[in-house]
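K.L.:
all I have is the shape, not the residue letters:
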């Protein structure tokens with residue numbers, strides 16, 4: 001069984017996906033609705049990455065509190 005990735009790993013991969021999506025933005029004679037839809041999708045993916053990063057921070061803080069480090 002494969003190891004479960006950390007939220008940090010998931011956030012890193014998700015941000016990479018958002019960057020790829022935004023870098024693939026078409027140029028030239030493209031409908032504004034297409035640009036808006038792609039930008040909104042990129043923002044949604046980046047928002048998911050932020051949530052994953054916040055979950056990682058919460059896990060680290062929780063572990064530190066359990067050990068008495070925080």
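P.N.:
It's in. Given the structure is predicted, the values throughout are model-derived calculations rather than measurements.

K.L.:
which residues touch residue 38?
P.N.:
21, 22, 24, 25, 26 (Cβ atoms under 8 Å, 6 or more residues apart in numbering). Where you see a C-beta, it was placed from the backbone N, CA and C, and this is true even at glycine.

K.L.:
now with 10 Å?
P.N.:
By Cβ atoms under 10 Å, 6 or more residues apart in numbering, the contact set of residue 38 is 21, 22, 24, 25, 26, 30.

K.L.:
where does the fifth one sit: helix, strand or coil?
P.N.:
Translated: residue 26. Following DSSP: H, G, I helix; E, B strand; the rest coil, residue 26 is assigned to coil.

K.L.:
ramachandran coordinates for it?
P.N.:
phi -70, psi 160 (degrees, to the nearest 10).

K.L.:
count the neighbours of the closest residue to it other than its chain neighbours for me.
P.N.:
Leaving aside its chain neighbours, residue 26 sits nearest to residue 34 (6.7 Å; criterion: Cβ to Cβ, 6 or more residues apart in numbering). As a burial measure, the neighbour count of residue 34 was computed by other Cβ atoms under 10 Å and equals 11.

K.L.:
return the per-residue confidence for residue 34.
P.N.:
Taken from the predicted model, the pLDDT recorded for residue 34 is 90.

K.L.:
so where's this protein uncertain?
P.N.:
Segments of the chain classed as low confidence (criterion: pLDDT under 70) are 1, 69-70.
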